[in-house]
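Colleague: Sequence below, structure please.
(chains A and B)
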Amino acid sequence: MKGGTLGSVPFLGKGNAMKPKKTDEKIIFQTEKEVPLMPMSLGSMLYNKTGAWRNIRPVIDLNNCIQCGICWKFCPDVAIHIENEFPAVNLEYCKGCGICAEECPSKCIAMVEEEK
Amino acid sequence: MKKVIMGNHALSWGAQLGRAQVIAAYPITPQTQVVELLSEMCANKTLDAKFIKVESEHSAMAACIAASIAGARAFTATSSQGLTLMHELLHWASGGRNPVVMGNINRAMAPGWSIWTDQNDSLSQRDTGWIQFYCASNQEVLDTIIQAFRVSEAVMIPSMVVLDAFALSHTYEVVDIPDQEKVDAFLPRFNPPIRLTPSDPHAFGGLTSPEHYFELRYKLQKDMEKVPELVEETGREYEKMFGRYLGEVEDYRCDDAELIFVTSGTAGYTARVGVDQLRHEGVRAGNVRIRMFRPFPFEKVRMILSRARKVAVVDRNISYGHHGIFYQEVKSALYGGNHDVPVFGYITGLGGRDIMPETYKEIAQLTLAKQKPEEDITWIGVKR
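Modeller: Below is the predicted model:
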């Protein structure tokens, strides 16, 4: 997907975002010499899927969505991306904090309890 | 160029000559003049640095760490309550291998609220993974800052340059301020092997599983172990260019000394006067002033103290429930060696009470009167 704007907010589509350098394999260095000097990029969120922490999930009513981009901007985990000009939630990382629902000006995001 | 400046301004001059690129600091007595002068230097454009005003010392160090990750030479200064508020971030700087250089003015910890000197603020940061230097003159403060940038950046470990409240911070001394071109030749631009840049994004300091955390700490210690030699080399090169040598320790009249004091900070300069007076009275005294506390200068301390018949460690600090901190450290350095020299521990001068040449005379009398120490703490000057 290409970059564009969503309301007044410029955004980067998937193709322009940070290029993933790592595979979704867990990284394990065999010796201390391979470990970088600084604790940087030692793990990858590609394999560390954190969505399982979630108790409630956001469900977006796209009929009432005004495409303002506020949910996309406020999501603290960058778990909302844009698909066909509308927000979509990446449930592999969304932790269900509800900030998107709280901030949505048209109140079109409902937080729905996950099934046990 | 020679100028008469206060210890705090020696820190500012050191940061300017070292061409610090980012300065983030929060004012606290007795450090305030350090950042006052630095903000003037930035405003007057004698120093091309970004000056970031912050709301706390915690944020000051956070800003310095971020600047350092982005590849800038970062400097801050603080004291006492400010340093201890920063404590969490001290671990971030060393663990993240960010070679920030910081001045700390030794000020006693509250309560009782104090602005006067003792070493418990910086010595409480002993295990944070910072290199620590203790200074005894304004010239040494300036020279140490310049050398600290070079040492820190060579091993990617931050440095703390420590000076006593008022005894140095507000005391005016003649300081030889070196030429900028010469300092530039001694201290090239900071060019870290890794830096945060939009073209090569990375997550810094993120979640590190048990598979790798241990190795990071191993590497920090291994690089810390390189520092004593590096400090000596850097000191020798500085001496060649600027004519002043600073190493891990400063030994004074130790060659034939029977009684050697172990001191630090300005109390270590007073000790030289005490040593001279004692020698005048026929006591063969000497003094080792520990300049570098972390990493601890094991070899130097062992070598010098092995000549003594008695060692008296003078601590302006205390580890409650243990003893004087330098006393612990010296005993630990000597343990298992061939020299069975008795080590006496003295605590004095807490909260800014003066340490005078007479203090050393009293300590010498107490030490010479006994074969071996009968207690681990001998208090000098407590009203009781």
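
Colleague: From what I see, B:A110 and B:G82 are in contact.
Modeller: No - the pair B:A110 / B:G82 is not scored as a contact, 11.7 Å apart, by C-beta atoms under 8 Å. To be clear about C-beta, it is placed using only N, CA and C from the backbone, and glycine gets the same treatment.

Colleague: Neighbour count: those two, which is higher?
Modeller: Comparing B:A110 with B:G82 by other C-beta atoms under 10 Å in any protein chain shown, the one with more neighbours is B:G82, at 25 against 11.

Colleague: which residues does the more buried one contact?
Modeller: B:Y26, B:I28, B:Q31, B:E57 (C-beta atoms under 8 Å, 6 or more residues apart in numbering or on different chains).

Colleague: Including neighbour count, distance to A:R54 and pLDDT, could those go into CSV?
Modeller: Formatted as CSV, those follow (neighbours: other C-beta atoms under 10 Å in any protein chain shown; distance: C-beta to C-beta, whole Å; pLDDT from 0 to 100):
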residue, neighbour count, distance to A:R54, pLDDT
B:Y26, 22, 39, 97
B:I28, 21, 44, 98
B:Q31, 28, 47, 98
B:E57, 28, 37, 98
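
Colleague: which of the residues you listed lies closest to A:K26?
Modeller: Nearest to A:K26 among those, counting by C-beta to C-beta, is B:E57 at 37.8 Å.

Colleague: now the closest residue to that closest one other than its chain neighbours, what's its secondary structure?
Modeller: Leaving aside its sequence neighbours, B:E57 sits nearest to B:G82 (C-beta to C-beta, 6 or more residues apart in numbering or on different chains; 3.9 Å). At B:G82 the chain is in helix, as set by DSSP: H, G, I helix; E, B strand; the rest coil.

Colleague: So residue 94: helix, strand or coil?
Modeller: No chain in the question, so chain A it is. A:C94 ends up coil, using three-state DSSP.

Colleague: Chain B was what I was after
Modeller: Secondary structure, three-state DSSP: B:S94 is helix.

Colleague: what's the closest residue in space to it that isn't next to it in sequence in contact with, if anything?
Modeller: Leaving aside its sequence neighbours, B:S94 sits nearest to B:G129 (C-beta to C-beta, 6+ apart; 3.1 Å). Applying C-beta under 8 Å, 6+ apart, we find B:G129 in contact with B:L90, B:H91, B:S94, B:G95, B:I157, B:P158, B:L220, B:M224.

Colleague: Against B:E329, how distant is B:T378?
Modeller: Counting by C-beta to C-beta, to the nearest Å, the gap from B:T378 to B:E329 is 17 Å.

Colleague: give me the low-pLDDT residue ranges for chain A?
Modeller: Chain A contains residues with pLDDT under 70 at A:1-24, A:43.

Colleague: what does it put close to chain B?
Modeller: Where chain A comes near chain B, counting by C-beta under 8 Å from any C-beta of the partner chain, the residues are A:18, A:28-29, A:32, A:35-43, A:48.

Colleague: Redo those residues as a markdown table? Include distance to B:V162 and secondary structure.
Modeller: Below are the residues of chain A next to chain B laid out as a markdown table (distance: C-beta to C-beta, whole Å; DSSP: H, G, I helix; E, B strand; the rest coil):
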| residue | distance to B:V162 | secondary structure |
| --- | --- | --- |
| A:M18 | 41 | coil |
| A:I28 | 40 | coil |
| A:F29 | 36 | coil |
| A:E32 | 31 | helix |
| A:V35 | 31 | coil |
| A:P36 | 30 | coil |
| A:L37 | 26 | coil |
| A:M38 | 26 | coil |
| A:P39 | 27 | coil |
| A:M40 | 30 | strand |
| A:S41 | 34 | coil |
| A:L42 | 33 | coil |
| A:G43 | 36 | coil |
| A:N48 | 41 | coil |
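
Colleague: among these, which two are most distant?
Modeller: A:M18 and A:E32 (27.5 Å).

Colleague: and the two? which has more neighbours close in?
Modeller: Using other C-beta under 10 Å as the criterion, A:M18 and A:E32 rank with A:E32 on top: 14 against 10.

Colleague: How about the contacts made by the more buried one?
Modeller: B:E215, B:Y218, B:K219.

Colleague: What residues does the residue nearest to the spatial centre of chain A make contact with?
Modeller: Among the residues of chain A, the one closest to the centroid is A:A79, at 1.4 Å (C-alpha atoms, centre = their mean). Listed by C-beta under 8 Å, 6+ apart, the contact partners of A:A79 are A:G51, A:V89, A:N90, A:L91, A:Y93, A:C94, A:K95.

Colleague: So B:E173 belongs to a strand, correct?
Modeller: Yes - remark: B:E173 belongs to a strand, assigned using three-state DSSP.

Colleague: Would you mind confirming that it makes contact with B:E140?
Modeller: No - using C-beta under 8 Å, B:E173 makes no contact with B:E140, being 9.8 Å away.

Colleague: quick one: which of the residues of chain A next to chain B is nearest B:R279?
Modeller: Nearest to B:R279 among those: A:L37, at 48.4 Å, using C-beta to C-beta.

Colleague: Report the separation between that closest one and B:I194.
Modeller: Distance of A:L37 to B:I194, computed by C-beta to C-beta: 7 Å.

Colleague: Same check on B:G337?
Modeller: Note on B:G337: its distance to B:I194, by C-beta to C-beta, is 40 Å.

Colleague: These two - which one has more neighbours?
Modeller: Neighbour count, other C-beta under 10 Å: between B:G337 and B:I194, B:I194 has more, with 17 against 12.

Colleague: mind checking the backbone torsions on that one?
Modeller: Per-residue torsions, B:I194: phi -130, psi 140 (degrees, to the nearest 10).

Colleague: contacting residues for it?
Modeller: A:P36, A:L37, A:M38, A:M40, B:H202.

Colleague: which SS state does the last one fall under?
Modeller: Which is B:H202. Assignment for B:H202 (three-state DSSP): coil.

Colleague: B:G321 should be in a strand, yeah?
Modeller: No - read with three-state DSSP, B:G321 is coil and lies in no strand.

Colleague: ok, B:P99 touching B:I131?
Modeller: No - under the criterion of C-beta under 8 Å, B:P99 makes no contact with B:I131, lying 9.3 Å away.

Colleague: residues shared between the contacts of these two?
Modeller: B:S152, B:I157, B:P158, B:S159.

Colleague: Report whether the expected contact of A:I28 with B:E211 is present.
Modeller: Yes - contact status for A:I28 versus B:E211: in contact at 5.4 Å, counting by C-beta under 8 Å.

Colleague: where does the residue nearest the centre of chain B sit relative to B:R244, distance-wise?
Modeller: When C-alpha atoms, centre = their mean is applied to chain B, the residue found nearest the centroid is B:F133 (2.2 Å). Separation of B:F133 from B:R244 (C-beta to C-beta): 14 Å.

Colleague: Wait, a helix at A:I82?
Modeller: No - per three-state DSSP, A:I82 lies outside any helix segment and is strand.

Colleague: what's the burial count for it?
Modeller: Here the number of neighbours of A:I82 (other C-beta under 10 Å) works out to 21.

Colleague: A:N64 now?
Modeller: Neighbour number of A:N64 under other C-beta under 10 Å is 11.

Colleague: for chain A, what spans make up the strands?
Modeller: Along chain A, counting by DSSP state E, strands occupy A:4-6, A:9-11, A:56-60, A:80-83, A:86-89, A:109-113.

Colleague: For B:L37, pull up the helix or strand it's in.
Modeller: Using DSSP states H and E, B:L37 maps to helix B:32-43.

Colleague: residues in contact with the nearest residue to B:T78 once chain neighbours are set aside?
Modeller: Excluding the flanking residues, the one nearest B:T78 by C-beta to C-beta, 6+ apart is B:E57, at 5.1 Å. Residues near B:E57 by C-beta under 8 Å, 6+ apart: B:Y26, B:I28, B:T78, B:G82, B:L83, B:L85, B:M86.
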